[in-house]
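Enquirer: return atomic coordinates for the entry below.
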Amino acid sequence: MRTIGTAGHVDHGKSTLVQALTGIHPDRLKEEREREMTIDLGFAWMTLPGADGGPDEEIGIVDVPGHRDFIENMLAGVGGIDAVLFVVAADEGIMPQTREHLAILNILQVQGGVVALTKIDLVEDPGWLDLIEEDLHTAFQDTILADAPIVRVSARTRLGIDDLRSALRDCLANRAPQADIGRPRLPVDRIFTMAGFGTVVTGTLTDGHLQLGDEVEILPRGLRGRVRGLQTHKQKESLAVPGSRTAVNISGITVEEIQRGDVVCHPGSYRPTRLLDVHFSLLEDVSQPIKHNTSVKFFTGAAEVVARLRLLGAEELKPGDAGWLQLELNEPVTVVRGDRYILRRPSPGETLGGGVIIDPTPKGRHKRFAQAALERLEALHQGTPEDILMQAMVALGAAPVRDVLARSTLQKDIAEQALKKLLEESLILTLEGADAPQITPETHVISRSYWEQLRERTRQAVDHHHQSFPLRPGIPREELKSRLKNMPAFTPRLFNTLLSSLSAANEIEEKRALVMRCGHQIQFTPQQQLRVDTLLKRFAAAPFAPPSAKECAAEIGDDLLDALVDLEMLVSVGQDVVFQRADYERLVNDIRRLLEARGTLSAAEVRDHFNTSRKYVLALLEHLDAIGVTQRVGDVRRLRA
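Expert: The predicted model follows:
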């Protein structure tokens, strides 16, 4: 699943072109349609024909505002896109926001796209279109659109629309799908309420998938909820994949508790931060240099936060310069190393530049001209050992330390130091737990995010079983293992450690090879209780010749009968013989007492003592033999030593 974003100057026809391509007008607000100007983000989707006879592909489109007053809304929509549909009107050519949008796309390193030269129906002179294209080729030199095809189109007459679809298909044809590293992030760009469903958020999903029933955390607020529903392009889904435009219906959280820029993720997989080390490039056409302690607006994903920049290693940066910054944010954001960002001057509004986040969680404020700090940032810019090791860990799921170190391809001492740091920060855990005496090559480790995912899937499986089978005490241990076996690197050892962890946390318990939630109890409905009471009266009327299991099942049903046995209200002693618990205990105690007094008992003697039939006696005695109470010797029983 891929997503493209529009870009370009106001009134160059982005929204109209999206409607011509998809049949969906992306402007959602009444004010936008009345003014015929996009103010906030709009969304649409379409199906592109498969390249070289391959399958068709549905892609999402994020339509952004072109007016300079809404540039910050534009920034919330272009994070996470796979390519850009860059729109330039043929009757106007390159305009101020054309250049600003192009600069933003360059900073974000959006991987290419297609240029749509729109409104060609308004131009009578073909030579004019040739001149505009020459201007575009010149403007796009040394940018992400240097090799982008330029397609002449008219949304009004639909001339060139099919060519534009083909160009978009070719642009995406060789792009690998976004990676699923098991740590989903959904930067929230829209929040609303649906009647009967509650809170819904939308965004472009990255780094992992979301599934119905997943527990999620809203960062940086630390709120917890659960995925109640998923949609992609207004189609219900049970699984949302990276790169897709995703709507998530979240239970347990209100719309007032969330805002644009928050991130939906799995609990424990990310940590918000208010201090960032970044590499920064100042645009060549900015109005003035930037200095230490400048106040700026910071944009990443869908987030917008006021920040103060600390300039490292220099007194100022001049237009076109690059350098190191430490950003102190007024509010926390949720980012990872490698995320792209944009800085803008608050007033007068101006895009300054941007770059890449190098360290999302530095230990503290750096001395501005400390050489060691600058050298560390330079090294981090090339990739940290911790990042490389974590990627190896994510790929393996759970594995011995020796396998993780080998996969990382790092030098042994560097890899061991990185592993130590990740263990100290609890980003990697040992299956032996915190009390492991020493980390050895054989020690099994697991990433914290995957561990939390396993714990949540286990809880979900147990809860689902309780909901599906309310008359059963728990899910069989082997059935639970089978439900989890498709998880990466899932082994019996990992399964046992998982259950021990959840049991120690008083979240589950195990009884007789069954796994259940702590405190779970079978609850009968009033109708079921009435049927049970009626059956138990029959047992009370004939305690030593009760109704058979078949008769019980015919009267109350197999599920209720199994529940009574599981609750130990009834005891099964043979294929078709059951006794009420108190009567069974009396039978066993009397037989023990008789054997202690007489030494041996025949089946006939037991039958006569309880005034019952041979059917019940034989089933009971064979049961007592099997559980080690009695021992058969010829035609009599004696107590087993």
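
Enquirer: which ones are touching Gly313?
Expert: By C-beta atoms under 8 Å, 6 or more residues apart in numbering, Gly313 lies in contact with 323-324, 368-369, 374. (Glycine included, C-beta is placed from N, CA and C.)

Enquirer: quick check, nearest of these to Arg99?
Expert: For the contacts of Gly313, the closest approach to Arg99 (C-beta to C-beta) belongs to Gly323, at 23.1 Å.

Enquirer: tally of neighbours for that closest one?
Expert: 19 (other C-beta atoms under 10 Å).

Enquirer: contacts for the helix or strand encompassing it next, please.
Expert: Per DSSP states H and E, Gly323 falls inside strand 322-333. Strand 322-333 is touched from outside by 219-220, 261, 272-282, 296, 298, 300-301, 303, 305-314, 317, 355, 358, 362, 365-366, 374, 377, with contacts defined as C-beta under 8 Å, 6+ apart.

Enquirer: extract the C-alpha trace of that strand and format it as PDB.
Expert: Extracted as PDB, the C-alpha positions of strand 322-333 are listed here (Å, rounded to 0.1, in the frame of the first residue of the first chain):
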ATOM      1  CA  ALA A 322      24.600  23.200   7.200                       C
ATOM      2  CA  GLY A 323      25.500  22.300  10.800                       C
ATOM      3  CA  TRP A 324      24.500  20.800  14.100                       C
ATOM      4  CA  LEU A 325      21.600  21.900  16.300                       C
ATOM      5  CA  GLN A 326      20.200  20.900  19.600                       C
ATOM      6  CA  LEU A 327      16.500  21.600  19.700                       C
ATOM      7  CA  GLU A 328      14.700  22.300  23.000                       C
ATOM      8  CA  LEU A 329      10.900  21.700  22.400                       C
ATOM      9  CA  ASN A 330       8.100  23.300  24.400                       C
ATOM     10  CA  GLU A 331       6.200  20.100  24.200                       C
ATOM     11  CA  PRO A 332       7.300  16.500  23.800                       C
ATOM     12  CA  VAL A 333       7.200  14.700  20.400                       C
END
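
Enquirer: may I see the buried residues of that strand?
Expert: 323-327, 329, 332-333 (16 or more other C-beta atoms under 10 Å).

Enquirer: likewise stretch 486-499?
Expert: Applying 16+ other C-beta under 10 Å to stretch 486-499 flags 487, 490, 494-495, 497-499 as buried.

Enquirer: just how off-centre is that stretch within its chain?
Expert: Centroid separation for stretch 486-499 versus its chain: 20 Å, with C-alpha atoms, centre = their mean, to the nearest Å.

Enquirer: average pLDDT across that stretch?
Expert: Averaged over stretch 486-499, pLDDT sits at 87.

Enquirer: next, the distance between the ends of it.
Expert: End-to-end distance of stretch 486-499 (C-alpha to C-alpha, to the nearest Å): 17 Å.

Enquirer: what does stretch 311-330 give?
Expert: 17 Å.

Enquirer: what strand or helix carries Leu502?
Expert: Secondary structure assignment for Leu502, by DSSP H and E: helix 492-504.

Enquirer: which other helices and strands contact that helix?
Expert: strand 444-447, helix 448-468, helix 477-484, strand 508-511 (3 or more C-beta pairs under 8 Å, 6 or more residues apart in numbering; DSSP states H and E).
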